[in-house]
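S.K.: Sequence plus predicted model, see below.
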Protein chains: 2
Amino acid sequence: MNSAALTIGFVMLHTSPLDIPGTKDAGGMNVVVQAQAEALARAGHDVRIYTRRSDAAVPKRVEVQPGLAVIHLDAGPARLLAKGEHEAVMDEFGHLLDAELELDPVDLLHAEHWFSGIAALSVARGRKIPLVQSYHSIAAEPDSPLTDGERPESPGRLAGEKLLASEADLIIAVSEAERQTVIDRLGGDPDQIRVVPLGVDTELFYPCVTTVCAEQRDWLKRGGRPEVIVVGRLHPLKGFDLIIEAIALMPAETRPVLRLVGAPPPDGDEYAQGLHEAVARHGMLSTTAFDGALRRSELAERIRAATIMVVPSHSETFGLVALEAAASGVPVIARATGGLREAVIDGTTGVLVTGDDPQVWATEVANLLGDAERLERMGAAAREHAVNSSWIASGERLVEAYSLACAGRTA
Amino acid sequence: MNSAALTIGFVMLHTSPLDIPGTKDAGGMNVVVQAQAEALARAGHDVRIYTRRSDAAVPKRVEVQPGLAVIHLDAGPARLLAKGEHEAVMDEFGHLLDAELELDPVDLLHAEHWFSGIAALSVARGRKIPLVQSYHSIAAEPDSPLTDGERPESPGRLAGEKLLASEADLIIAVSEAERQTVIDRLGGDPDQIRVVPLGVDTELFYPCVTTVCAEQRDWLKRGGRPEVIVVGRLHPLKGFDLIIEAIALMPAETRPVLRLVGAPPPDGDEYAQGLHEAVARHGMLSTTAFDGALRRSELAERIRAATIMVVPSHSETFGLVALEAAASGVPVIARATGGLREAVIDGTTGVLVTGDDPQVWATEVANLLGDAERLERMGAAAREHAVNSSWIASGERLVEAYSLACAGRTA
């Protein structure tokens, strides 16, 4: 422990950092919280992550590494909840959290997603400790059109997010894009928002040097198909349907292998089912893989074996997978939206694409796959871009922010 | 080159050893021929593999390693052929092969599958060199019922196989089961049949020691789902439908992840489409992966990360994947048929199952997954079983057989 060591309570009500991203409700947020918590624990801070128990088989307290524990609170039934069901357990979760902190106090609470923020707000107030808030994603404007398959937001969400923007001691944004959204949409005070960019684990995500990759390159040289990887929960927001339609427009003999990594979210697999049907309808079963959810090291292996990554998501607050691809030396074709505009340097580490025309996406994919020199140049630039973003640096900036929040409280 | 070095011509008309197994028409045979050819080349023999060009982009001659080349002959159109179409190009292939050998002779021809044997027979006769025949699979009896989805055999097949059983200088069987089939079904002379068991690459297939595997074990300890892997072309003969129905019978919360590795064969993807539909119908999209065809090193990684392998194939002459699982320390639940009865030692390295009742398969899977001690014991026994089978040993036995065939010719 260093002299300024903090005891930090992450609050992550609706998904456990122990879940595999791409399964259940777990996604980029799980990766981020676990990585930041690990970096903080390694720096000598004492970190607990409070989450709701969604599985009766998991022990109440799991020690992940020295200084980092995950604590499961029995709020609501011990099963996965669909997203709309979480609001009903926020109160109970808050009471259980308060009881935990009574026995084992923390210096501050850092809430992830608005559910957690609302559950933690009164606890932090009652205990006179700062509440730091991360949103991860922010509700769309009430009058904005829904993306195909997207559920309308619960009416509580925008109100809850606005409340947190005014009541939390500090807001952490992961990108300039998110900071601007907090100001524009939630009326956040610019002085209360700090941008702490995410990191990437460059020891896990590194360019192709393994046997698998050598075999892949060798295979490509012998006329094999290049590989396009898309990573995320199988949810309409991620735009998997768009990339399937785009690849279908390419002549069958020039189509790349399309690798879709991720599982359906707990609130339904109609979208996933539609993807399977679309692949069959376009005669792409023999060149498409549905990998399901992968553990992190498996994901890293598959990203570095891919030729390019495509991120067709309709919105991404940060777009961590794009940074993971960059660290793997893999160029990214991403939608020009939100944090992806910062994660991908257009024309240098990848390509940013606007709109939903599959032909436009198909052309970008075909152009990049067909230009070996550009692929290599972009891959190298991407890796260089990524190695400057470490989780240790991200953790250090977080601690600076925490200190500000604690100082604000004391003052 | 050692003093007894041979120049060996493998004939593999309908599928290239350069194709990824589990894609196109490539399967276990491609693995076997490539591995034996590599072992023979490493032992100082000069090996060529003659195959039909099915892709205009592939060069005519590909040097795979010193002493091993693949030669693509332009018989028929440069595209994939469905299985029934190959008989029409056998003659043309034979003529082109003969022209090649005129320029660059070999000491013997080793034909793989009956197409190749028929194409090579008159070439070998004309050049007075021995013809060694491997079947890999043998036509079912004309009156035997077809498995669901299986096409009736072409009328030429059984006749062709019988002709080869009487005319080839030597028949190579990969298992006692195959030897018996050649005798019973094709009227083969027992003295003309040698059993040369296949090998397994124990440097490629080894038990779980990587980060991925450590993460997998850690994940299981934390209540994650175990993983069942099934490997093969997505063809009814492989019985993928049976394992999907079996897993569907297990309670949803105890279902393992089901990983299906392989692509549809070129003669149709109706079966694959049915598998996708069955997985969706049973609500298993979130716990099922369709990996597509994998390169060998990727396959090895995924096998060793699995908890068990299931081989529900309706018939397997050898069942190489079962040996690959064994080498990876992964127990196998397989159908008690053909070579699988030799590849799996029932009760020691895995479990043999009879019949098509999904409940029976489900019970065996659940019992084995639920018994950590038995899993570990069987995994260790499987690895021990596999390390005694190397491709070098397999190659040496092949050379003994070739010498017999050559001596028979000279005598």
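M.R.: Now that the structure is in, tell me what you want to look at.

S.K.: and the stretch 251-400 of chain A, which residues reach chain B?
M.R.: Proximity of the stretch 251-400 of chain A to chain B is confined to A:257, A:259, A:263-264, A:266, A:269, A:272-273, A:276-277, A:279-280, A:283, A:285-293, A:295-298, A:301, A:305 under the rule C-beta under 8 Å from any C-beta of the partner chain. Backbone N, C-alpha and C define where each C-beta goes, glycine included.

S.K.: same thing but 6 Å
M.R.: By C-beta under 6 Å from any C-beta of the partner chain, the residues of the stretch 251-400 of chain A that approach chain B are A:263-264, A:269, A:272-273, A:276, A:280, A:285-286, A:289-292, A:295, A:297-298.

S.K.: Give me the number of neighbouring residues for the residue of the stretch 51-200 of chain A at minimum distance from chain B.
M.R.: Per C-beta to the nearest C-beta, A:Ala57 is where the stretch 51-200 of chain A lies closest to chain B, at 4.3 Å. Residues lying near A:Ala57 (other C-beta atoms under 10 Å in any protein chain shown) number 10.

S.K.: One more: the one 5 residues further on?
M.R.: Number of residues near A:Val62 (other C-beta under 10 Å) recorded here: 18.

S.K.: host element of it?
M.R.: Taking DSSP states H and E as the criterion, A:Val62 maps to strand A:61-65.

S.K.: Please compute how far that strand lies from its chain's middle.
M.R.: Taking the mean of its C-alpha atoms, strand A:61-65 sits 22 Å from the chain's own mean (C-alpha atoms, centre = their mean, to the nearest Å).

S.K.: swap in stretch A:191-198?
M.R.: Using C-alpha atoms, centre = their mean, we find the averaged C-alpha position of stretch A:191-198 to lie 17 Å away from the chain's own average C-alpha position.

S.K.: now do stretch A:197-213
M.R.: The answer for stretch A:197-213 is 17 Å, by C-alpha atoms, centre = their mean.

S.K.: for stretch A:125-143, same thing?
M.R.: Relative to the chain's own centre, stretch A:125-143 is displaced by 17 Å; criterion: C-alpha atoms, centre = their mean.

S.K.: can you pull the buried residues of it?
M.R.: Within stretch A:125-143, the residues that qualify as buried by neighbour count (16 or more other C-beta atoms under 10 Å in any protein chain shown) are A:127, A:129-140.

S.K.: Got phi/psi on A:Leu81?
M.R.: A:Leu81 has phi and psi values of phi -110, psi 150 when expressed as degrees, to the nearest 10.

S.K.: so what strands line up beside the helix or strand following the strand holding A:Val62?
M.R.: The C-terminal neighbour of strand A:61-65 among helices and strands, as given by DSSP H and E, is strand A:68-73. Using DSSP bridges, the strands paired with strand A:68-73 are strand A:46-52 (parallel), strand A:61-65 (antiparallel).

S.K.: list the buried ones in the longest one?
M.R.: Meaning strand A:46-52. Applying a neighbour-count criterion of 16+ other C-beta under 10 Å, the buried positions in strand A:46-52 are A:Asp46, A:Val47, A:Arg48, A:Ile49, A:Tyr50, A:Thr51, A:Arg52.

S.K.: what does the shortest one give?
M.R.: Buried positions in strand A:61-65, judged by neighbour count with 16+ other C-beta under 10 Å: A:Val62, A:Val64.

S.K.: Quick one: mean pLDDT over that strand.
M.R.: For strand A:61-65, the mean pLDDT works out to 90.

S.K.: now do stretch A:194-204
M.R.: Over the span of stretch A:194-204, the pLDDT mean works out to 91.

S.K.: Can you give me the first-to-last residue distance of that stretch?
M.R.: Counting by C-alpha to C-alpha, to the nearest Å, the length from the leading to the trailing residue of stretch A:194-204 is 27 Å.

S.K.: ok, residues contacting stretch A:294-312?
M.R.: Taking contacts as C-beta atoms under 6 Å, 6 or more residues apart in numbering or on different chains, the residues outside stretch A:294-312 that touch it are A:20, A:204-205, A:208, A:212-213, A:216, A:226-230, A:239, A:242-243, A:261, A:322, A:325, A:328, A:330-335, A:368, B:211-212, B:215.
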